[in-house]
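J.: what follows is a predicted protein model with its sequence.
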Amino acid sequence: MPYEVINHFATTDKDIPKTKSLQPKHRKYVFVHDKVYSWLPATVVSTSSTSSSVAHDDATSTVTVRLALPSDWKENTYHPPRSTLARSSSNNNSLMRTVNLKDYPDFHLPFQNVDSNGILEEKEDIGKMKYVHEASVLYNLRERHKKGFLYTRVGEILVAMNPYEWFMDLYTKEQKMFYAKTLLWKGR
């Protein structure tokens, strides 16, 4: 079954599609690149540019964001010694960042897949996500792994995440047949 993959990134309101599923208040949910953690969820606080308007290809544009770390961030994320986020609190200014759009493909920040309450969504099939890019795939896999879902589809491809623990009931003959029927054969 073919899937239409949509890549969306945000710089200004004019770059954001006006659809029913993406209400104006949800346009601010993006990911920002991080040297330690790869990608971090954030909300846009403001945009600025040295030109009179933020153009699609304006390499001088910056965006100020507030990092929106998941509630289980400190408990469920490995924090290398060089991480300042491991020591930050939610009221700390280290959660604010100004990013230069020239550091992103096409001068755009990648959108998050959020529900109507602005909560990061997870999908059983990555191919059905509205915004598909590196950050959204990584956070989708993180959320599913956290919930104990070891398998995630990408169209007809099955991704298996190592749970780092043994699940006795997962490997019974009945469970193997269930997964074969519902995850492998169902997609064909």
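T.: Ah, there it is.

J.: dump the residue contacts of the spatially most central residue of the chain.
T.: For the chain, the residue lying nearest the average C-alpha position, counting by C-alpha atoms, centre = their mean, turns out to be Ser136 (3.0 Å). Remark: with contacts taken as C-beta atoms under 8 Å, 6 or more residues apart in numbering, Ser136 is in contact with 31, 110-113, 129. C-beta coordinates here come from the backbone N, C-alpha and C atoms, glycine included.

J.: which helices and strands does the longest strand seen in the chain pack with?
T.: Counting by DSSP state E, the longest strand found in the chain is strand 38-48. Helices and strands touching strand 38-48, by 3 or more C-beta pairs under 8 Å, 6 or more residues apart in numbering; DSSP states H and E, are strand 29-34, strand 62-67, helix 134-146.

J.: the next helix or strand after the second one - what's its average pLDDT?
T.: For strand 62-67, the following helix or strand on the C-terminal side (DSSP states H and E) is helix 73-76. Across helix 73-76, the average pLDDT comes to 76.

J.: name the residues of helix 73-76 that are buried.
T.: Trp73 (16 or more other C-beta atoms under 10 Å).

J.: which helices and strands does it pack with?
T.: Counting by 3+ C-beta pairs under 8 Å, 6+ apart, no packing neighbours are recorded for helix 73-76 among the helices and strands.

J.: and the helix or strand following that helix, what's buried?
T.: With elements assigned by DSSP H and E, the helix or strand that comes after helix 73-76 is strand 96-100. Under the neighbour-count criterion of 16+ other C-beta under 10 Å, strand 96-100 has 97, 99 buried.

J.: neighbours around the residue nearest to Val44 when sequence neighbours are not counted, how many?
T.: Distances taken as C-beta to C-beta, 6 or more residues apart in numbering place Lys28 nearest to Val44, at 4.2 Å, with adjacent residues excluded. Per other C-beta atoms under 10 Å, the neighbour tally for Lys28 reads 19.

J.: state the distance from the nearest residue to Lys123 once chain neighbours are set aside to Asp34.
T.: The shortest distance from Lys123 to any residue other than its chain neighbours is 5.1 Å, reached at Met129 (C-beta to C-beta, 6+ apart). As judged by C-beta to C-beta, to the nearest Å, Met129 and Asp34 stand 21 Å apart.

J.: the two: who's more crowded?
T.: Regarding Met129 and Asp34, a neighbour count based on other C-beta under 10 Å identifies Met129 as having more, with 19 against 15.
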